[in-house]
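# coordinates only, sequence not included:
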């Protein structure tokens, strides 16, 4: 899909967010790069836009399927029962969403899988997106898929491109009984008649694609699986999808008798979208080319754009699936758009505006960045495309995990306190170009949020998961995140107990102290923990 490039708003959103501390620019580390296999060399894969080749005939069309059945019967090419009714059971279609809301409605339908390029074209160059040249650059491009013939279409513009017959996937028990696969034989003949490469003898040698996708871990010097991301394949209009497991392994559900196109898409099983560009409506997607029917695997080093997406993804997965349960905190069910930027390391590691969930104060941002905003004509509608979390380029696995843990701690806090609280949070940071001073009105909203982000995100998770030890910013800025660490070590409060008190009505340090005392007692020691840092 064409990427939305409202880069000017990025500067404002970096300010209007709960941010982690700046990181020093780290030197590039030499890490192993991917070695191309003979199969990989057959497909040109690159960053950027997919380049289409010629359009192919559709072997699943009723015309070719009927011709194929007639050919099999005429030449007695199958010993199986070929009494097959060739009538439309699938439709090859494309949708044209008018805006981000319509696109979201489409992607919420788990019965379909959308591809941003035609499914019957050769691919000269695999990329990260395709945009129909007949459409405006700022429009969402056509989305292609196949659906059952009785599919109930949503109220979104669509076109039916062809009526098709897709034979049902036949069970393995058929071959164990010594029988042919009539559906595969039919498909093989249809592909042959349509002028496409398909070895007829392979019809009995079907396979379910499976493999592993991994990213290089600069902490360990080895590769680790990309957890929970979507893997997609298609051959003609017949597609399949699944998600990787915790180790980066995937296995499709359908058999294929030919090679397939492979993709990895960073829309996870937990409904997290890792975005390639800041104002994109879809998850980062990488076409991997045409490979074996038996599967395809790839390792991504730090030189690959996929490395950043995969590492951020894994950090979120660990936070949600391992850290939160370990500390007795439930991560809420919610969709989350995370911009994971590629490029050189930045001064700021990340921020959490939660812009997909709240209405950003565009007026306040315009006051700060009116010149930049006017250059791109940002309007209120742009909020639908802004990210919830931003993770800026870094080239070290530990730093990315540390940043993600901090920002995910903010996500937890947002979900607990709600939109009005978070709007006050971002407005304060916007107004003061940062965290302001303790003396500023409403400073407690930011102070409590940053205390929690540093404590749970950096101190506790780093110490528990990344072995940073005690080298953290307990004394950072005026808000002193060490207060929460002392509440844990001196008052014996668990992270879950502290978090339980971070409700929407807690907007000052005094109100936090009061709530902690009312809930857990220990008045003297709680007062002492705050007083140690001057509160």
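Everything's here; your move. Here the structure is a predicted model, which means the values were calculated and not measured. Numbers count the residues shown, from 1 in each chain.
# Averaging pLDDT per element, find the lowest-scoring helix or strand in this structure.
Of all the helices and strands that make up the chain, helix 38-41 has the lowest average by mean pLDDT, DSSP states H and E, namely a mean of 33.
# Name the strands paired with the following helix or strand past that helix and say parallel or antiparallel.
Note on helix 38-41: by DSSP states H and E, the next helix or strand toward the C-terminus is strand 51-55. Applying DSSP bridges to the sheet, strand 51-55 is found paired with strand 121-125 (antiparallel).
# Report all helices and strands that the next helix or strand after the strand it pairs with contacts.
Once strand 121-125 ends, the next helix or strand along the chain (criterion: DSSP H and E) is strand 143-148. Contact here means 3 or more CB pairs under 8 Å, 6 or more residues apart in numbering; DSSP states H and E; on that basis strand 143-148 packs against strand 90-95, strand 238-243. C-beta coordinates here come from the backbone N, C-alpha and C atoms, glycine included.
# and strand 143-148, average pLDDT?
What strand 143-148 shows for mean pLDDT is 98.
# Contacts for the helix or strand just after that strand next, please.
Using DSSP H and E, the helix or strand that follows strand 143-148 in sequence is strand 158-164. The contact list for strand 158-164, computed with CB atoms under 8 Å, 6 or more residues apart in numbering, reads 58, 60-62, 65, 88-96, 146, 149, 237.
# between strand 158-164 and strand 143-148, how big is the angle?
50 degrees (axes from the mean of the first three to the mean of the last three CA atoms, to 10 degrees).
# and strand 158-164, what's its mean pLDDT?
Rounded mean pLDDT across strand 158-164 is 98.
# The nearest residue to residue 55 once chain neighbours are set aside and residue 194, how far apart?
Distances taken as CB to CB, 6 or more residues apart in numbering place residue 121 nearest to residue 55, at 5.1 Å, with adjacent residues excluded. Distance from residue 121 to residue 194, counting by CB to CB, to the nearest Å: 14 Å.
# Mind checking which of the two has more residues around it?
Using other CB atoms under 10 Å, the more surrounded residue of residue 121 and residue 194 is residue 194, with 21 against 16.
# mind pulling up the phi and psi values for the more buried one?
Taking degrees, to the nearest 10, you get phi -80, psi 0 for the backbone angles of residue 194.
# Contact partners for it?
56-59, 64.
# and the lengthiest helix in the chain, what does it pack onto?
In the chain, with assignment by DSSP state H, the single longest helix is helix 397-417. Applying 3+ CB pairs under 8 Å, 6+ apart, we find helix 397-417 packed against strand 18-19, helix 305-318, strand 350-352, strand 389-391, helix 443-452, helix 461, helix 495-500.
# what's next to the second one, contact-wise?
Counting by CB under 8 Å, 6+ apart, the neighbours of helix 305-318 from elsewhere in the structure are 47, 128, 213-217, 224, 226-229, 246, 264, 266, 268, 270, 272, 274, 276, 284, 286, 300-301, 336, 338, 340-342, 391, 393, 397, 400-401, 403-405, 408, 465.
# what angle do it and helix 397-417 make?
Using the same axes, to 10 degrees, helix 305-318 lies at 50 degrees relative to helix 397-417.
# ok, residue 96 - how many residues close by?
The number of residues near residue 96, taken as other CB under 10 Å, comes to 17.
# mind checking how far the residue lying closest to it once chain neighbours are set aside is from residue 459?
Leaving aside its chain neighbours, residue 96 sits nearest to residue 157 (4.4 Å; criterion: CB to CB, 6+ apart). Here residue 157 is placed at a distance of 51 Å from residue 459 (CB to CB).
# pLDDT below threshold where in the stretch 101-250 of the chain?
172-180, 197-204 (pLDDT under 70).
# closest one to residue 454 among the helices and strands packed on strand 143-148?
Residue 454 lies closest to strand 238-243 among the helices and strands packed on strand 143-148, at 32.3 Å (CB to CB).
# which residues does residue 250 form a beta bridge with?
residue 211.
# wouldn't it be in contact with residue 208 here?
No. In terms of CB atoms under 8 Å, residue 250 does not count as a neighbour of residue 208; the distance is 10.4 Å.
# Give me the more crowded residue out of those two.
Using other CB under 10 Å as the criterion, residue 250 and residue 208 rank with residue 250 on top: 27 against 16.
# Against residue 264, how distant is the more buried one?
Taking CB to CB, one finds residue 250 at 9 Å from residue 264.
# do residue 424 as well
Distance from residue 424 to residue 264, by CB to CB: 39 Å.
# between these two, who's got more neighbours?
Each of residue 424 and residue 264 has its neighbours counted (other CB under 10 Å); residue 264 has more, 24 against 17.
# Unless I misread the structure, that one falls within a strand.
Yes. With DSSP: H, G, I helix; E, B strand; the rest coil as the criterion, residue 264 is assigned to a strand.
# Give the closest residue to it in space, chain neighbours not counted.
residue 286 (5.3 Å).
# check contacts around the residue nearest to residue 55.
Neighbours of residue 121 in contact, by CB under 8 Å, 6+ apart: 52-56.
# What is the burial count for residue 83?
Around residue 83 there are 8 residues (other CB under 10 Å).
# I'd like the distance between it and residue 253.
For residue 83, the distance to residue 253 - CB to CB - is 27 Å.
# what's the answer for residue 526, then?
For residue 526, the distance to residue 253 - CB to CB - is 54 Å.
# the more surrounded of the two?
residue 526 (22 against 10).
# Assumed that one was part of a strand.
No. Applying three-state DSSP, one finds residue 526 to be helix, outside a strand.
# which residues does it contact?
Counted by CB under 8 Å, 6+ apart, residue 526 has contacts 487, 491, 513, 516-517, 520.
# what about the closest residue to residue 419 other than its chain neighbours, neighbour count?
Once flanking residues are discounted, residue 419 sits nearest to residue 358: 4.5 Å by CB to CB, 6+ apart. Neighbour count for residue 358, taken as other CB under 10 Å: 20.
# ok so residue 358 is a helix residue?
No. Residue 358 is assigned coil when assessed by three-state DSSP, not a helix.
# Could you report the pLDDT at it?
84.
# Let me see the contact set for it.
Counted by CB under 8 Å, 6+ apart, residue 358 has contacts 419, 422-423, 426.
# one more time with 6 Å, if that's ok
For residue 358, the contact set (CB atoms under 6 Å, 6 or more residues apart in numbering) comprises 419, 422-423.
# Next, format those residues as a markdown table and append pLDDT, distance to residue 329 and neighbour count.
Formatted as a markdown table, the contacts of residue 358 follow (pLDDT from 0 to 100; distance: CB to CB, whole Å; neighbours: other CB atoms under 10 Å):
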| residue | pLDDT | distance to residue 329 | neighbour count |
| --- | --- | --- | --- |
| 419 | 93 | 21 | 13 |
| 422 | 94 | 18 | 25 |
| 423 | 91 | 24 | 17 |
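# which other residues reach stretch 329-341?
Contacts for stretch 329-341 (CB under 6 Å, 6+ apart): 271-275, 278, 308-309, 312, 320, 324, 356, 387-393, 415, 496, 499.
# now it: mean pLDDT?
Across stretch 329-341, pLDDT averages out at 91.
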